[in-house]
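Peer 1: Got a sequence here, can you model it:
(5 chains)
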Amino acid sequence: MSKRKRYRSAEKTLGTSPGTLTYIGEEIEHATKIKRIEYNATDYRVDESSKLSACRLPGNNAPFVGWIDVDGIHEPKVVEALGQQFRLHPLLLEDVMNTEQKPKIDLYDDTIVFVTLKNLHHSGQRQEIETEHVSFVLGKGFLISFQEERRKDIFEPVIERIRASAGKTRRNGADYLLFALMDLIVDHYFLITERIGEKMDELEDYIIQERANQQTLATLYTLKRELAHIRRVVNPLRDIVGVLLREESDLIRPGTVPYLRDLADHVSQIIELLESYREQIAGLMDVYYSIVNNRMNSVMKTLTIVSAIFIPLTFIAGIYGMNFDNMPELRTKTGYFWTLAAMTAIAIGEIIYFKRKKWM
Amino acid sequence: MSKRKRYRSAEKTLGTSPGTLTYIGEEIEHATKIKRIEYNATDYRVDESSKLSACRLPGNNAPFVGWIDVDGIHEPKVVEALGQQFRLHPLLLEDVMNTEQKPKIDLYDDTIVFVTLKNLHHSGQRQEIETEHVSFVLGKGFLISFQEERRKDIFEPVIERIRASAGKTRRNGADYLLFALMDLIVDHYFLITERIGEKMDELEDYIIQERANQQTLATLYTLKRELAHIRRVVNPLRDIVGVLLREESDLIRPGTVPYLRDLADHVSQIIELLESYREQIAGLMDVYYSIVNNRMNSVMKTLTIVSAIFIPLTFIAGIYGMNFDNMPELRTKTGYFWTLAAMTAIAIGEIIYFKRKKWM
Amino acid sequence: MSKRKRYRSAEKTLGTSPGTLTYIGEEIEHATKIKRIEYNATDYRVDESSKLSACRLPGNNAPFVGWIDVDGIHEPKVVEALGQQFRLHPLLLEDVMNTEQKPKIDLYDDTIVFVTLKNLHHSGQRQEIETEHVSFVLGKGFLISFQEERRKDIFEPVIERIRASAGKTRRNGADYLLFALMDLIVDHYFLITERIGEKMDELEDYIIQERANQQTLATLYTLKRELAHIRRVVNPLRDIVGVLLREESDLIRPGTVPYLRDLADHVSQIIELLESYREQIAGLMDVYYSIVNNRMNSVMKTLTIVSAIFIPLTFIAGIYGMNFDNMPELRTKTGYFWTLAAMTAIAIGEIIYFKRKKWM
Amino acid sequence: MSKRKRYRSAEKTLGTSPGTLTYIGEEIEHATKIKRIEYNATDYRVDESSKLSACRLPGNNAPFVGWIDVDGIHEPKVVEALGQQFRLHPLLLEDVMNTEQKPKIDLYDDTIVFVTLKNLHHSGQRQEIETEHVSFVLGKGFLISFQEERRKDIFEPVIERIRASAGKTRRNGADYLLFALMDLIVDHYFLITERIGEKMDELEDYIIQERANQQTLATLYTLKRELAHIRRVVNPLRDIVGVLLREESDLIRPGTVPYLRDLADHVSQIIELLESYREQIAGLMDVYYSIVNNRMNSVMKTLTIVSAIFIPLTFIAGIYGMNFDNMPELRTKTGYFWTLAAMTAIAIGEIIYFKRKKWM
Amino acid sequence: MSKRKRYRSAEKTLGTSPGTLTYIGEEIEHATKIKRIEYNATDYRVDESSKLSACRLPGNNAPFVGWIDVDGIHEPKVVEALGQQFRLHPLLLEDVMNTEQKPKIDLYDDTIVFVTLKNLHHSGQRQEIETEHVSFVLGKGFLISFQEERRKDIFEPVIERIRASAGKTRRNGADYLLFALMDLIVDHYFLITERIGEKMDELEDYIIQERANQQTLATLYTLKRELAHIRRVVNPLRDIVGVLLREESDLIRPGTVPYLRDLADHVSQIIELLESYREQIAGLMDVYYSIVNNRMNSVMKTLTIVSAIFIPLTFIAGIYGMNFDNMPELRTKTGYFWTLAAMTAIAIGEIIYFKRKKWM
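Peer 2: Reported below is the predicted structural model:
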C-alpha cells in the first residue's frame, strides 16, 4: 500500500495501447529466478536455476507434471519470452506484471486457466502486512507460477513436499498442484487473520479495563483499515474457487473437486472471521466511546456538585462581608456561629438531595 | 471460544499436506467411547462400549438401521480406522476432527451425506455458552455420529426413545434418525436462545427503571457477542437443511421430507428470534444512552441554575464588600435591607425566567 | 408477547418425539366450539355447535363447499380427532396447536394446502396489540379454519355474508373462501397499522411543538417494537400469497387468482406502510434528540454568558475588598464610582462580543 | 397525504366483500367529465363532453384509436357503467377508485393492460406536493384514462398535440398513446424533483454559510419526508415499465418498445436523482450538526478560559479580604502592588498555556 | 454540475413530443468539428475538417474501418443530418444531445450499438472535476463518436496511435476501436480517482497530526460528494461492458472479447477504489470527531479541576472576610497561617484525588 507508487501508475499507462507490457510495482534490482520442477508418482526433477529456453510446453501426454516457478515479475523481456513459449495472451501477461491487478480468474478458451492472487505476510520490525502479487497459469499438464521477487520463495514448502514424499501432490496432476499452492496462500491468510485476532483481544482487554486512550483508538482505526485491505484481497477468492469448481474443461479433474471445495470452505471461513472482527471493532469503539463519555460525565458531576454546594455558601459569606454600617446580625454575639451552622445545614441538605438523585 | 487455542491452529497446519488428520481443539484425556445401536420396527440392540472392529458396513438390504455413536474425536487413530472401515474421504475425516470447522454439508457421490454442526449448551457456574463440534455421516442404512468427549452423551434422549418405544424413530430409516438428532440439537438452540431472551428482559427492566449502570452496558455488549456467535452457528443450518430437502438421492426418503421441512421451519424461527434480539439490544442501548444523556442534562441544568442565580448575587455582595472610603450606600441606614431585597428580587426573577424556559 | 409463557415452551418440548401434539399458549378453560357451514350458489346451512363426528370429508364432487370453523385449539384430543377424520399429517396438527408457530404455508402432496397466520387486534383498556394464532386447511371442496378461543369468532363477518347474500362467496369454491378469510385478517392489519399511524401523528405534533419529554421517547421505543412485531407477522404473508399464486394444483382455480393478486397487493401496501412508519420513527427520534440537544445548548450558553460576565466583575470587586493598608484607590473620593463605571463598561463590552458571536 | 382521510378508509372497507366499489379519497362535488377522442394518421375527432352511452368498444379492426379520458373517479355509478361497457374486472374498477392504491400494473388475460400511477404537482400558495391518482386501461385499439377531478385536465398537452399535428402520436396506436401519457407524468416528476433540488441548494448555502438554525433542520426533515413520498410513488414505475417492455401480447407493438425503453431510462434517472438528494440531505444534516457542535465547543471554551483565569485570581483577592488581625502582608507598603503583579503574572501564564494548547 | 442549468431543462421539455431534438447543456458558440478517419492494417486516411456530406455509410464489405469523430453536439441540425445519413433512431439522437443523459447502452435491432458515457477531467485553476458527455454509435464497419465541444479532442491519443503505427488498432475492426476509446475514458477515471486518493492521504495526515479544523471537514464533505458523482458516472459502465460482452451479434467479434473483459476488470477496480475511499472518508470523519471530542474533554476537565480546587478555597476566604464582631479565630495570632495551611492541604488533597481518578 505504498502511496507514492499508486499515483504514478495511471499516468504511466494513460494513452498507451492496451496489452503493452509495463511493470507496475516497487523497483527491484535482482534478476528473475526460474525454477523448473517436473514430477510424477515415482520420480521428480528440480532445476533450481533454469534457463528460459529450457522451459518448453510439455507434450499432450507427457508422463510428468511440469511446474515453472518464476520468482520475479519485473523484467518485461523475461515475461514476454515465457508468454511466447507458452502462447499466452498479451492481456494475461499484462496482468502478471501489474502488481495492482486485483485477484481474478480468466479462462482463455478451454486450454488455459489464469488465476491471479495476493499473498499476505507480516514483514519487518513493525510487522506490517506485506502484499505480494502472485499469478498462476494452468494448462494441460503444466503450471506456471509467477511471484514478486522477495527474500524467500513462498512456494518452498510445496517443493519440499514434492522432494520429500511420493504423497498426494506427486500422485496428482497440475490441477492439484494449483490447489496446493492456493491452499498455501490461504494458510497465510489464516495466519494474518489470527494475528489480527490476537491484537484485537489485547485491545479488548485494554479497553474493558479502562486503560484505553486516544492511541488505542488510532490502533483500532488502523486495524479496521487492515481488515478492509485483507477483505479486498480475500473476497474475490471465493468467486475464483467457485469458477474453478464449476469449470467443466479437462483441466480440473473430478478427483480435485473435493479439495477445491475444501479450499472454498476455508476461504469462506476467513471471510466470516474478518466479518466478525469488523463487527467486534465497531463494538469495541462503541464501548470505548461509552467509557470516555462515562468518565466525562463523572467529571461534570463533580464540577456540578462542588459548584452547587459552595457557590451558595460563598454568597452567604459574601453577604456578611459587606461593609454596610447598619447590619444588625454582625453585631450579635452568636451571629457568626449561627451563620456557620446555617451553611453546614445547607451543605448537608444539598448532599442529601444529590444522593437521592443518585448523582453522588 | 477459548482464545489461546485459536492462535495455535493456523501455525499447526501451515505447510502440511491437505487431508492430514490433526485434532484441533482442547486437550482431552479420556479414551473415545463408541456405542453401536441397531434397530428396526420390532427389535433393537444397544452395544454400549463397542469395539472398533465390530463397526462394519451394513449390507445393502440389512434388515435394521445401524447407528454408530462416537463419543470423542481427539484420537486420530480411532477416526482413521473408522474412516477406513466405512471408506470415508480423508477431507471428511479432517472436518470431523477440526473443532473449528464451521457447520456445513458435503455430498460425496450419491452414497454419503456429511453434515457437521455445533451443539450449544450452558455449562458451569457462570452459565457460559459451550460449543461442541458434532458431525454426522449418513450412508445407505447407517449413520455415524461424532461428538466431542464431554461429561454427557448429548444423544442420550434419542437412544432412550429407541429403547422405550417402538415409535416413529424405530419405524423409520437412518435419514429419520439424522433428522431426530439434528432436531435435538435445534431444541438446544431454542433453550439457549430463550435464556438469552430471559436475560434481555431482565436488562430491559433494569434499564427502563433507570437502574442501569456501566456494568449493564458491558452485559449488553457480551449478549451482543453471544448472539453473534449463535448466529454464526445457526445460520449455516438453514442451508444445510435446504440441501437435504433438495437432495434427490435415495438417502433421503420422501416420508422424511415433511420432518425436514419442519426442522427448516424451526431453524428460521430461531434465526428470526436472534435477529429480533439483536434489534432489541440496539434499541436498549439507545434507550440507555438516552437515559444517561437525560440525567447528564439535568445535572448540567442544576449547575446552570445554581450558578446563574448565585453568581450575580455574589457579585452584588462583592461590591458592597469593597473598602472604598467613599461609598455613600454603605452609610445609609436601610442600605443593607434594600440590598437584600434587591437580591431576593433578582433571584425570584431568574427563577421565573427559568420556569418559563422550562429548565426547572 | 407474554414473556413467562415463552420460556417454558422450549423446555416442554426438549427431547420429546417430533409431531407429538402439545398445546403451547395461554391456558384456556372453555371447550372448543365447532361450526359447520355448507353452502353453494343457491343454498346454505350453518350448524353452530357441530359435533366432531358430523365433520366428514365431502365427496369429491359434493354439490356444496364445506367449511369447518374450529374455535379453540387447546384440546389435543379434538385437534387429533379432526386430524384423523380428514387424514392430516401429525406435523400439520402440531403447527395448528403451537401458537408460537410463525406464519407459513405448507403443501402436503397436491391435496392439502396448509396456511397458518396471525390475526392482530387491539384489546382491553390499554389497547395493546393482541396476537391470535389462526390456521387454514384447504382441501378439495372443503376448508377447515382453526382459531384460538377468544370472546369473539373473528370470521363472523364472512359467515354473515354467506347468510345474507347469494353473492361472490356463495358462487365460488373453497379457495375463494380461503381468500375471503385471509382478506379479513389483512383488513385487521390495516386497522392496526392505521392506529399506529394515528399515534405517530400525535407524537409528531408533540415533538415538533417541543412538548416532548423522556416519556415520548419511551412511547416511540414501544411503537418501534410494535412495528417490528407486526412486520414479523405480516412479512411472511407475502411469500404465502406468492406460493398460492404460483400453486398449479386444482385447489386454486383460475378465477380466484385476480383476488389473490389483489390480496398480495394489499399485503405489500401494508409492508410499505410499516417501512415508512419505521423511517418516520427514526426521523422523529432524530428531531427529538436535536431539540433536546438544542435546549441543552441554550442552557449552556446562558451559563457561559452569566459566568463570563460576572466572574471578572466579581474579581474586581474582590480586589477592592482586600484589606491592604496601602491601597491608594480606596482613599480617592471618586474611586468607587470609577470602579462601578469600569464594571459597567466591561459588562457592556462582553455583551456586544457575545451578540456579535451570535451567542445571545 | 391528508391525515384524517387515511384513518377512515380501513374501517370503511373492513368486512365488506372484496371488489365492492367504494370511492376512497377527498370528497368532490363536481360531476365526472368524459372526453372521447378518436384519431388516426389522417383524421381526428374530440368529443369534449361525451355521454357514457357513446363510449363503446371499438371493433377489432377499427380504423382509428379510441381514447376515453375520464376526469373524476368519485362516482361509483359512472365507473361501474364504464366497467360494464368495456367488460372490466371488478377488482380493476376498485383500484381505479381507490386513491390510496399504490402504483402497479395488472394484466387481465392478454386483452387488457391495467396501469395505475400517481401524478405529482405543486399546488396552492405554499407549493405543497399534491398527489393525484391516475389509471390507464389499455385494450386492443383503445385506451381509457382515469384521473381525479381537479381544476385542470393533466392530459391537455397530449390532446393539444393530437389536435395540432399529424405527428408521431397520430401515426401510432393506443400503446404509443399510453406511453405519451405516462411520459407526461414522468415529466411532472422531473419538475417536482428539480424544485426539491433548488430548495436543497438554497439550504446548502444557508448551512455552509453558517446561517442555519433549528428551522433549517425542520425544513430538511420535511424535504426528507417529501423525498420518501416521491420515492414511493416513482419506484414502482420502474417495474411497471419493465413489465410493459417484457409483455409479449399484441397490445404493445415493437415500434413502441424504444419509447418505453426511453421512459424506463427517465424513471431510473429520477430514482437516481432522488437517491443522490437523500444522500445529500444526510450529508447536510451532518454538516449542520458539526457546525452546531463546533459553535457549542467555542462557547464552552470561552467559559472555561474566563473561569480558569479569574477563579484563581478571585481566590487570591479573597485571601487578602480576610479580616484576621495578624496578616503581615497587609501591613507592608508594597503588598498591594506585589499582589496585583502576581495576579497579572498568573493571568499571563494561563493565557500562554491556553494558547499553547490551541484553546484560544 | 452547474446548478442553474439543471433547473431549466425539465421545463424546457415538459409537454414536447418525445424524440424532439433539443440541446440540453451549457451554451457553446463554436461550430461543430467533424473528423473522418478511415484505416485498415496497411493504410489510413484522416480528414481533419470533413463536411457532413462526405460522411457516408460504408458498404457492407468495405475494406477499411470508418470512424467519424464529431466534436460538438450543440447544433441540432448537424446531429439530425448525421442521423438521417446513418439512419439513426430519433431517440438515439435525443440522447446524444442531452448532456444530462446518464451512461447507458441501447441496442437498435442487431445493426446498431449505442453507448453513451461521461468523460471526467480536471480543469481550470481550482482543479474541479469537469464532466463531458460522450456517445458512440457502433455499426457494421463504422463508428461514430460524439463529444462536447471543448478546447481539446479527447480522442487525440487514439488518432495518434492510428497515425503512428500499424499496430493493434489498425489490424482490428470498429469494435476494437470502440473498446480503445472507452479504455481511454476509463484511463481518465483512473487519473481522477488517483488525484482524489492523493487529496485524501493529505487530509489523513492533517487529521492524524491533529491539525484539522472545520475547513478540513468541509473538504471531506466536498470529496464525499465528488466520489458520489464519480460513482454515478462509473457504475453504469459495468453494466454497459457486461452487455457488450454478452452481445452475440456480429458487431462484437470474438477477438475483442478479452479486451472488453479487461475493460470490465478495470471498471470494477475503479468502483472498488471508490468504495474503499468512501469507507476511508467515513473513517476519517470518525477520527476527526473523536479528536475534537477528545480536545473538548480536556478543556472541560481543566475547567472542572480549576473550579473544584479554587471554589472551596474561595469559600473559606469568604468566611474569614465576614465582618461579624465576634469571630474568635480572627483574633488569634496564628489563625491566618493555619487557614493558609488548611487551604494548601485541601488543594493537595483534591489534586491527589483527581490524579487517582486519572483526570489529571
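Peer 1: Going by C-alpha atoms from here, please, whenever you check contacts or count neighbours.
Peer 2: Will do.
Peer 1: Would you mind naming what in the stretch 101-250 of chain A lies close to chain E?
Peer 2: Contact residues, the stretch 101-250 of chain A versus chain E (Cα under 8 Å from any Cα of the partner chain): A:102, A:214, A:218, A:221, A:225.
Peer 1: Got phi/psi on the residue in chain A that chain D sits nearest to?
Peer 2: Nearest residue of chain A to chain D, counting by Cα to the nearest Cα: residue A:321, 8.8 Å away. Note on residue A:321: its backbone torsions stand at phi -90, psi 0 [degrees, to the nearest 10].
Peer 1: what about the closest residue to it other than its chain neighbours, neighbour count?
Peer 2: The spatial neighbour of residue A:321 that comes closest, neighbours along the chain excluded (Cα to Cα, 6 or more residues apart in numbering or on different chains), is residue E:322 at 3.9 Å. Using other Cα atoms under 10 Å in any protein chain shown, residue E:322 has 23 neighbouring residues.
Peer 1: pretty sure residue A:135 belongs to a strand, no?
Peer 2: Yes - counting by DSSP: H, G, I helix; E, B strand; the rest coil, residue A:135 falls inside a strand.
Peer 1: List the residues that contact it.
Peer 2: A:96, A:114-117, A:145-147 (Cα atoms under 8 Å, 6 or more residues apart in numbering or on different chains).
Peer 1: just curious, which of those residues is nearest to residue C:233?
Peer 2: Residue C:233 lies nearest to residue A:117 out of the contacts of residue A:135, by Cα to Cα, at 45.9 Å.
Peer 1: Do the helix of greatest length in chain A and chain C come into contact?
Peer 2: In chain A, taking DSSP state H as the definition, the longest helix is helix A:257-319. No - using Cα under 8 Å from any Cα, helix A:257-319 never reaches chain C; the gap is at least 10.0 Å.
Peer 1: gap between the next helix or strand after that helix and the chain center?
Peer 2: Sequence-wise, the next helix or strand downstream of helix A:257-319 (DSSP states H and E) is helix A:328-331. Centroid displacement of helix A:328-331 relative to its chain, using Cα atoms, centre = their mean, to the nearest Å, is 78 Å.
Peer 1: Whether helix A:328-331 contacts chain D - can you check?
Peer 2: No - using Cα under 8 Å from any Cα, helix A:328-331 stays clear of chain D, coming no nearer than 13.5 Å.
Peer 1: List the buried residues of that helix.
Peer 2: Neighbour counts using 16 or more other Cα atoms under 10 Å in any protein chain shown place A:329-330 of helix A:328-331 among the buried residues.
Peer 1: Check stretch A:96-110 too.
Peer 2: Buried residues in stretch A:96-110 (16+ other Cα under 10 Å): A:96-107.
Peer 1: rewinding a little: the residue of chain A closest to chain D: how many residues sit nearby?
Peer 2: Number of residues near residue A:321 (other Cα under 10 Å) recorded here: 27.
Peer 1: Is it correct that it is in contact with residue E:318?
Peer 2: Yes - proximity of residue A:321 to residue E:318 meets the contact threshold set by Cα atoms under 8 Å, at 7.3 Å.
Peer 1: Make sure residue A:146 is actually in contact with residue A:70.
Peer 2: Yes - the pair residue A:146 / residue A:70 is scored as a contact, 4.8 Å apart, by Cα under 8 Å.
Peer 1: okay, those two: which has more neighbours?
Peer 2: A direct count of neighbours by other Cα under 10 Å for residue A:146 and residue A:70 places residue A:70 higher, at 25 against 22.
Peer 1: one step back: could you give the angle of the longest helix of chain A to helix E:257-319?
Peer 2: 20 degrees (axes from the mean of the first three to the mean of the last three Cα atoms, to 10 degrees).
Peer 1: How about the contacts made by residue A:297?
Peer 2: Per Cα under 8 Å, 6+ apart, neighbours of residue A:297: residue B:296.
Peer 1: Now do it, the pLDDT please.
Peer 2: In this model, residue A:297 is scored at 83, pLDDT.
Peer 1: repeat for the one 10 residues further on
Peer 2: Model confidence at residue A:307, expressed as pLDDT, equals 88.
Peer 1: now do residue A:37
Peer 2: pLDDT at residue A:37 comes out at 91.
Peer 1: thinking it is in contact with residue A:70, fair?
Peer 2: No - with contact defined as Cα under 8 Å, residue A:37 does not count as touching residue A:70 (11.1 Å).
Peer 1: okay, now the domains of chain A?
Peer 2: Per the record's domain assignment (automatic domain parsing), chain A is made up of the domains A:3-290, A:299-356.
Peer 1: who does the strand or helix carrying residue A:353 touch, helix- and strand-wise?
Peer 2: Assessed by DSSP H and E, residue A:353 sits inside helix A:335-356. Applying 3 or more Cα pairs under 8 Å, 6 or more residues apart in numbering or on different chains; DSSP states H and E, one finds that helix A:335-356 makes contact with helix A:257-319.
Peer 1: could you show me where the helices are in chain A, in order?
Peer 2: A:3-13, A:76-85, A:90-97, A:156-164, A:168-171, A:174-208, A:214-246, A:257-319, A:328-331, A:335-356.
Peer 1: mind checking how far the residue nearest the centre of chain A is from residue E:348?
Peer 2: Centroid-nearest residue in chain A, with Cα atoms, centre = their mean: residue A:230, separated by 3.3 Å. Counting by Cα to Cα, to the nearest Å, the gap from residue A:230 to residue E:348 is 52 Å.
Peer 1: What of residue A:39?
Peer 2: 81 Å.
Peer 1: Neighbour count: the two, which is higher?
Peer 2: Higher neighbour count among residue A:39 and residue E:348: residue A:39, with 22 against 13, using other Cα under 10 Å.
Peer 1: Double-check the more buried one against residue A:47; I have them as touching.
Peer 2: No - Residue A:39 lies out of contact with residue A:47 (Cα under 8 Å); the separation is 11.4 Å.
Peer 1: hmm, back to that, how about TSV for the buried residues of stretch A:96-110, with distance to residue D:340 and pLDDT added?
Peer 2: Output for the buried residues of stretch A:96-110, formatted as TSV (distance: Cα to Cα, whole Å; pLDDT from 0 to 100):
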residue	distance to residue D:340	pLDDT
A:96	78	91
A:97	76	90
A:98	73	88
A:99	70	87
A:100	69	85
A:101	72	88
A:102	71	88
A:103	73	92
A:104	77	92
A:105	80	92
A:106	83	90
A:107	87	88
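Peer 1: okay but residue A:71 is in contact with residue A:147, surely?
Peer 2: Yes - if you go by Cα under 8 Å, residue A:71 and residue A:147 touch, sitting 5.2 Å apart.
Peer 1: For those two, indicate the residue with more neighbours.
Peer 2: Higher neighbour count among residue A:71 and residue A:147: residue A:147, with 27 against 22, using other Cα under 10 Å.
Peer 1: For that one, which residues are in contact?
Peer 2: Contacts of residue A:147 (Cα under 8 Å, 6+ apart): A:70-73, A:132-135.
Peer 1: give me that answer again for 7 Å
Peer 2: A:70-73, A:133-135 (Cα atoms under 7 Å, 6 or more residues apart in numbering or on different chains).
Peer 1: and which of those is nearest to residue D:81?
Peer 2: Using Cα to Cα, these come closest to residue D:81 at residue A:135, 73.1 Å.
Peer 1: Need the pLDDT of the closest one.
Peer 2: If you check residue A:135, the pLDDT there is 95.
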